[in-house]
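Below: sequence and its predicted model.
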Amino acid sequence: MTSEFPTIRRQRKTRIVATLGPASSSFEVLKELFCAGVDVFRLNMSHGEHKDKEALVHTIRAVEREVGRPIAILADLQGPKLRIGKFKEGRAALKEGQHFTLDLTGEEGDENRVSLPHKEIFEALEVGTHVLLDDGKVRLEVETVAGDHAKCRVLVAGVLSDRKGVNVPNAVLPLAALTEKDRKDLAFALKCGVDWIALSFVQRPADVAEARRLVGTKAAIMAKIEKPAAVTSLDEIIELADGVMVARGDLGVEEPLENVPGIQKRIIRSARQAGKPVVVATQMLESMIKSPVPTRAEVSDVATAVMDGADAVMLSAESAVGDYPIEAVQVMDRVARRVEQEPSYHSNRADERTSHKATAEDAITAAAKQVARTVGAKAIVTFTNSGATSLRAARERPDAPILVLTPKITVARRLCVVWGLHTVKTRDVTTFEEMVGKSKRMALRSQLALGGDRIVVTAGVPFGTPGATNVLHIAWVRGDELEEGYENN
């Protein structure tokens, strides 16, 4: 990566994830999206061919080289897609109170029955279980169940058509989060060098553990919280994952809608406590698929996620197939910057109490926030090989921006989704004097500090030790230090 544009940095601490699609696949649009504020590009593995995704990865890396800044790529796996079969007439109208059967026959359905080609669902059904069809537009209650069929009563009527989706909110289904398609997509994504893998259909911690076994250290894992079972095991899932996503699409189908805002706050709070990045996704600026301006409610939705302390907010169809992808990113950028200027935003951060372990690393990182505030430091500089030091710094939510210096481009990219981090790939340091000098020069080059400013530096000694943070230093920046040394990113 070149250092041609090392001063490009966000004027906000909340990050933006944008989904790519037909509306956003060219080099010109990708570069424009980045300049508008995108930090992470999402590849939706549910749609498109591998060759098209590979071309997108190459284009993103070309943009990265052009702008001289690390950019993260997130590959979002599809997960199991549970769907009913087909109808003889293509559709059937169900009436409230009528009986309707789900079965494994594979035959085309009618107004009395339809095939449900997922034996695992029948194994999990019980009398009284609710089955939601077509994103909850039709709701059934199981009255009797056998190994190959379930007789239900229609609670919420509607018209069903071929291949509509199925949700069973109150059951843990005996299904793995990774299908055969997901395993192929995962192998492809890792070969392409993506930075994050988003894991769909997470129900239990074991789902994340299985993904970890396949991914290893080749990418970071983001667990999508979209099932009630995942909410129940939230803390264990967060512990095993590298980050989480509040996937409000399916979550809003399987949970009563009025529960979703509270669940969103709980997920953000739990991820924050664990020091793991959390992304809020789905329908954030939905109207901007066709409109150049969002609704007031959508702006409030984005603002709420920012105010709650989310690391990132995400665009889906707005940037993938929408008519106004650049404008949608610009709206998110403006809203996040405005919210972060609110006094209540900072008071919310001050009121949060992050639990610390009895380690030198946590003690030094917590102290860095307080020291920076006390001396009026313009930036906190962290040296990291694994990213752990910078994650701890971000967890503290300091007022000062965090400059991350790492010799590993993979680490620089993965940290692009994390709140408040300005990551720079640069050569590692070997001595204390080199650490201080580089910190001051890079703070000047990134326009985080000027001559006469103070910065706070944290690092681990011996240098290059992953995860170790045992040094805190206050440095005074001179304006002429850029002339004393120069290193490529």
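Thanks, I have the structure now. All values reported here derive from a predicted model rather than from experimental measurement.

Sheet partners, orientation included, of the helix or strand containing Leu405?
Take DSSP states H and E as the rule and Leu405 turns out to sit in strand 402-406. Note on strand 402-406: by DSSP bridges, its sheet partners are strand 379-383 (parallel), strand 421-425 (parallel).

Could you pick out the longest helix of the chain?
helix 50-67 (DSSP state H).

just checking, next helix/strand downstream of it?
Past helix 50-67, the next helix or strand by DSSP H and E is strand 72-76.

Now do that next one: everything it contacts.
Contact with strand 72-76 is made by 17, 19, 39-46, 53, 57, 60, 185-186, 189, 192-198, 200, 219, 222, 224, 413-414, 416-417, as judged by Cβ atoms under 8 Å, 6 or more residues apart in numbering. Just so you know, the C-beta spots here come from the backbone N, C-alpha and C atoms, and that holds for glycine as well.

cool, stretch 132-143 as well?
84, 94, 99-100, 102, 125-131, 150-158, 160-161, 164-169, 253-254.

repeat for stretch 88-99
By Cβ under 8 Å, 6+ apart, stretch 88-99 touches 100, 108-112, 114, 138, 143, 151-162.

Can you flag which of those belong to strands?
Among the contacts of stretch 88-99, the ones falling in strands (DSSP state E) are 100, 114, 138, 143, 151-156, 158-161.

For the longest helix of the chain, name the packing helices and strands.
Applying 3 or more Cβ pairs under 8 Å, 6 or more residues apart in numbering; DSSP states H and E, one finds that helix 50-67 contacts helix 27-36, strand 40-44, strand 72-76, helix 180-192.

repeat that for 7 Å
helix 27-36, strand 40-44, helix 180-192 (3 or more Cβ pairs under 7 Å, 6 or more residues apart in numbering; DSSP states H and E).

if we look at the helix or strand where Ala372 lies, which residues are touching it?
Assessed by DSSP H and E, Ala372 sits inside helix 360-375. Contact with helix 360-375 is made by 356, 380, 392-393, 396, 398-400, 454, 456, 458, 467-470, 472, 474, as judged by Cβ atoms under 7 Å, 6 or more residues apart in numbering.

What mean pLDDT does it get?
Per-region confidence: helix 360-375 scores 92 on mean pLDDT.

hang on, the earlier thing: flag every buried residue along the longest helix of the chain.
Using 16 or more other Cβ atoms under 10 Å as the test for burial, helix 50-67 gives Lys53, Leu56, Val57, Thr59, Ile60, Arg61, Val63, Glu64, Val67.

How confident was the prediction at the second one?
Yep, that's Leu56 we're talking about. Residue-level pLDDT assigned to Leu56 equals 97.

The one 4 residues further on too?
We note a pLDDT of 98 for Ile60 in this prediction.

I figured it hits Val67, correct?
No - the criterion here is Cβ atoms under 7 Å, and Ile60 misses it with Val67 at 10.8 Å.

Asn170 and Glu126, how far apart?
9 Å (Cβ to Cβ, to the nearest Å).

picking up where we left off before, narrow the contacts of stretch 88-99 to just the buried residues.
Phe100, Gly109, Glu111, Val114, Val138, Lys151, Cys152, Val154, Gly158, Leu160, Asp162.

The second one bridge partners, please.
Translated: Gly109. Beta-bridge partners of Gly109, as defined by DSSP bridges: Phe87.

follow-up on the earlier one: send the alpha carbons of the strand holding Leu405 over as PDB?
C-alpha atoms of strand 402-406 as PDB (Å, rounded to 0.1, in the frame of the first residue of the first chain):
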ATOM      1  CA  ILE A 402      -6.900   6.800  18.300                       C
ATOM      2  CA  LEU A 403      -4.100   6.500  15.800                       C
ATOM      3  CA  VAL A 404      -3.200   2.800  15.200                       C
ATOM      4  CA  LEU A 405       0.200   1.900  13.900                       C
ATOM      5  CA  THR A 406       0.700  -1.700  12.800                       C
END
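
What is the neighbour count of Gly68?
17 (other Cβ atoms under 10 Å).

What backbone torsions are found at it?
phi 70, psi 30 (degrees, to the nearest 10).

Hmm, Ser386 is touching Pro466, no?
Yes - taking Cβ under 7 Å as the definition, Ser386 is a contact partner of Pro466 at 4.0 Å.

Looking at the two, which is more packed in?
Taking other Cβ under 10 Å, Ser386 and Pro466 do not tie; Ser386 has more neighbours (17 against 12).

Domains in this protein, by residue range?
As assigned by automatic domain parsing, the chain contains the domains 15-79+177-341, 91-167, 360-484.

Outside of the helix or strand following the strand holding Leu405 itself, which residues are in contact with it?
Later in the chain than strand 402-406, the nearest helix or strand by DSSP H and E is helix 409-414. With contact meaning Cβ under 7 Å, 6+ apart, helix 409-414 is reached by 1, 70-72, 195-196, 220, 384, 386-387, 406, 423-425.
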